[in-house]
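J.: 3D, please:
(chains A, B, C and D)
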There are 2 protein chains.
Amino acid sequence: MGQGKEKILQTALQEFSEKGYDGARIDYISKMAGVNKALIYYHFKSKEELFTAVINDLFEKAVSVSIEPTGTSVRENLIQVMEHFIDFLHSNPYFVKIMDQSVAQDRDIFQQLHRQNFFFEMVMGMYQLGVQTGECRKVDHPEDFVVSLLGAVYFYFSHHKAIRKFYGNISEEEVIVIRKKTMKDMISRLIFL
Amino acid sequence: MGQGKEKILQTALQEFSEKGYDGARIDYISKMAGVNKALIYYHFKSKEELFTAVINDLFEKAVSVSIEPTGTSVRENLIQVMEHFIDFLHSNPYFVKIMDQSVAQDRDIFQQLHRQNFFFEMVMGMYQLGVQTGECRKVDHPEDFVVSLLGAVYFYFSHHKAIRKFYGNISEEEVIVIRKKTMKDMISRLIFL
DNA sequence: AAAATTAAACTAAAAATTTAGTCTAATTAT
DNA sequence: ATAATTAGACTAAATTTTTAGTTTAATTTT
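T.: Residues are numbered from 1 along each chain as shown, chains lettered A, B, ... in the order given. From the prediction side, this is the model:
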């Protein structure tokens, strides 16, 4: 395999994540990737198939970074998982963008990806374990708490462009540190005793 | 004035919010609105201008529902404002959708809308007042707490399609009640003493 | 040799935009 | 009063532009 295919996928990810499926231009991708347009159609049947390939490629690389918490308490593990989530969103801005583009319009490939539920289920499971071990307080609607927590983490990244200014002139790394601290605080106060 | 213009704006809001700017089709808007395509160009110079008109129209109607908390404590007021925010997002699904479409791609009209900051500034101001009156605890990075809270509220609505299933077979109104309760709980535990 | 890649011109369809004109109700001039 | 004029709302059809996708023949890489 030549390096063309990989370059096309990279560039297409960027283009799709910035412009969305409809806004993305094949001509532009070929120009940016420095390959001939015909090469794109040599490797991929259509724009739709290129998009699908981009998504699958992204998920393969993304989910391969799996999450195996190693702490000794539910609290520790939950915080580990959340920090991992924050790091992941921080280092994969295209992931967030293309996710949101695909949610906003609802592209069918998205309905098929069961990985969407994965994170929710995991956090939910950890909470339930915490209730069993007596570490977590019982709440009436844990699913709503989990959704709120995930939203609290996700929102900053998904609306980064609009939100970032509220943090002033510090580096992105510093923001990430603050975010982790806040989330730790939130988790502790919200669902632990 | 004929009823055409209003009908076009309504239909265009729906179309843009569902398909995004690039995915939206003038043909489809005219068909759905039951008007001739040329009428759209009679009222609006271009697709871009129609989009801008839709956004402005939406903001006018949306922000006219202003928020004047009437409680006697910062806590009460903050909760009132948040509940109002939840109600607003609940009853304006197009607003949320078109917001997210416009944030994802960054359409320039969006940078111009100062109303984006409005809600953040208000909540932030209320928190600072709470610190002065001794109702709220001091946190190192209040801006990050406010962003997190807003995210916790917003996320459910922006990712409604993907998230809704976690709540099971209850009515949307019931979910809203739960959401309000959760937010009240979160606010109390997170920033009040 | 086979696979990967380029170049550039091309097609067909889709979508945006324009044109040239109609219809109607209100306003103005006679 | 009534004829002339106007202004706004609207339409049908044509035009222009954009864009995905193709083709062909040649070149480079493995």
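
J.: so where does whatever residue of chain A ends up closest to DNA strand C fall, helix or strand?
T.: Closest contact between chain A and DNA strand C, by CB to the nearest atom of the strand, is at A:Gly2 (2.0 Å). C-beta coordinates here come from the backbone N, C-alpha and C atoms, glycine included. Assigned by DSSP states H and E, A:Gly2 falls within no helix or strand.

J.: that one and B:Glu6: what is the separation?
T.: Computed as CB to CB, to the nearest Å, the A:Gly2 to B:Glu6 distance reads 56 Å.

J.: settle it for me: which of those two has more neighbours?
T.: B:Glu6 (13 against 9; other CB atoms under 10 Å in any protein chain shown).

J.: quick check: closest non-adjacent residue to A:Val35.
T.: A:Gly4 (5.1 Å; CB to CB, 6 or more residues apart in numbering or on different chains).

J.: residues near the one you found, how many?
T.: Other residues within reach of A:Gly4, judged by other CB under 10 Å, total 16.

J.: what's the answer for A:Leu193, then?
T.: A total of 10 residues lie near A:Leu193 under the criterion other CB under 10 Å.

J.: same check, this time on A:Phe157
T.: Neighbour tally, A:Phe157, other CB under 10 Å: 22.

J.: that older thread, was I right to think the residue nearest to A:Val35 contacts A:Gly34?
T.: No: assessed by CB atoms under 8 Å, A:Gly4 is found out of contact with A:Gly34, at 9.1 Å.

J.: ok, back up a step: quick one: residues contacting the residue nearest to A:Val35.
T.: A:33, A:35, A:39, A:43 (CB atoms under 8 Å, 6 or more residues apart in numbering or on different chains).

J.: likewise A:Ser148?
T.: B:152-153, B:155-156, B:182-183, B:186.

J.: quick one: which of these has the most company?
T.: Neighbour max across those (other CB under 10 Å) = B:Ala152, 29 neighbours.

J.: hang on, the earlier thing: show the pLDDT at the residue nearest to A:Val35.
T.: Among the per-residue scores, A:Gly4 holds a pLDDT of 85.

J.: out of the contacts of A:Ser148, which is nearest to chain A?
T.: Using CB to the nearest CB, the shortest approach to chain A within the contacts of A:Ser148 belongs to B:Phe155, at 2.5 Å.

J.: shouldn't the closest one be in contact with A:Val147?
T.: Yes: when contacts are counted by CB under 8 Å, B:Phe155 is listed as touching A:Val147 (6.7 Å).

J.: so what sits against both of the two?
T.: Contacts common to B:Phe155 and A:Val147, judged by CB under 8 Å, 6+ apart, are B:Ile163.

J.: related to what we said a few turns ago, from the contacts of A:Gly4, which ones fall inside helices?
T.: Counting by DSSP state H, the part of the contacts of A:Gly4 found in helices is A:33, A:39, A:43.

J.: make TSV from those residues and add distance to A:Lys61 to it.
T.: Shown next, in TSV, are these (distance: CB to CB, whole Å):
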residue	distance to A:Lys61
A:Ala33	18
A:Leu39	22
A:His43	18
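
J.: mind putting those into JSON lines with distance to chain B and pLDDT?
T.: Shown next, in JSON lines, are those (distance: CB to the nearest CB, whole Å; pLDDT from 0 to 100):
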{"residue": "A:Ala33", "distance to chain B": "21", "pLDDT": "93"}
{"residue": "A:Leu39", "distance to chain B": "24", "pLDDT": "95"}
{"residue": "A:His43", "distance to chain B": "24", "pLDDT": "95"}
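
J.: mind splitting chain A into its structural domains?
T.: Listed by automatic domain parsing, the domain ranges of chain A are A:4-57, A:65-191.

J.: weakest of these by average pLDDT?
T.: domain A:65-191 (a mean of 90).

J.: cross-check the contacts of A:Gly4 against DNA strand C and keep the overlap.
T.: A:35, A:39, A:43 (CB under 7 Å from any atom of the strand).

J.: between those residues, which has the most around it?
T.: Neighbour-wise, the ones next to DNA strand C among the contacts of A:Gly4 (other CB under 10 Å) top out at A:Val35, 20 neighbours.

J.: is that residue in contact with A:Lys5, as I believe?
T.: No: taking CB under 8 Å as the definition, A:Val35 is not a contact partner of A:Lys5, at 9.2 Å.

J.: identify the contacts common to the two.
T.: Common neighbours of A:Val35 and A:Lys5 (CB under 8 Å, 6+ apart) do not exist.

J.: quick one: contacts of stretch A:46-55?
T.: So stretch A:46-55 is contacted by A:8-9, A:12-13, A:16, A:21, A:24, A:26, A:40, A:44, A:98, A:102, A:107, A:109, A:113 (CB under 8 Å, 6+ apart).

J.: go again using 10 Å as the cut-off
T.: With contacts defined as CB atoms under 10 Å, 6 or more residues apart in numbering or on different chains, stretch A:46-55 is touched by A:5, A:8-17, A:21-22, A:24-26, A:29, A:40-41, A:43-45, A:94-95, A:98-99, A:102, A:107-110, A:112-113.

J.: how about the helices of chain A, start to end?
T.: Going by DSSP H, chain A shows helices at A:4-23, A:26-33, A:37-43, A:47-64, A:74-91, A:93-104, A:108-112, A:115-133, A:142-158, A:160-163, A:172-191.

J.: hey, which of those is tucked in deepest?
T.: helix A:142-158 (a mean of 23; mean count of other CB atoms under 10 Å in any protein chain shown).

J.: quick one: it to helix B:172-191, angle?
T.: 70 degrees (axes from the mean of the first three to the mean of the last three CA atoms, to 10 degrees).

J.: relative to helix A:74-91, how tilted is helix A:142-158?
T.: Counting by the same axes, to 10 degrees, helix A:142-158 points 30 degrees away from the direction of helix A:74-91.

J.: chain center to helix A:142-158: distance?
T.: Here helix A:142-158 is found 12 Å from its chain centre; the criterion is CA atoms, centre = their mean, to the nearest Å.
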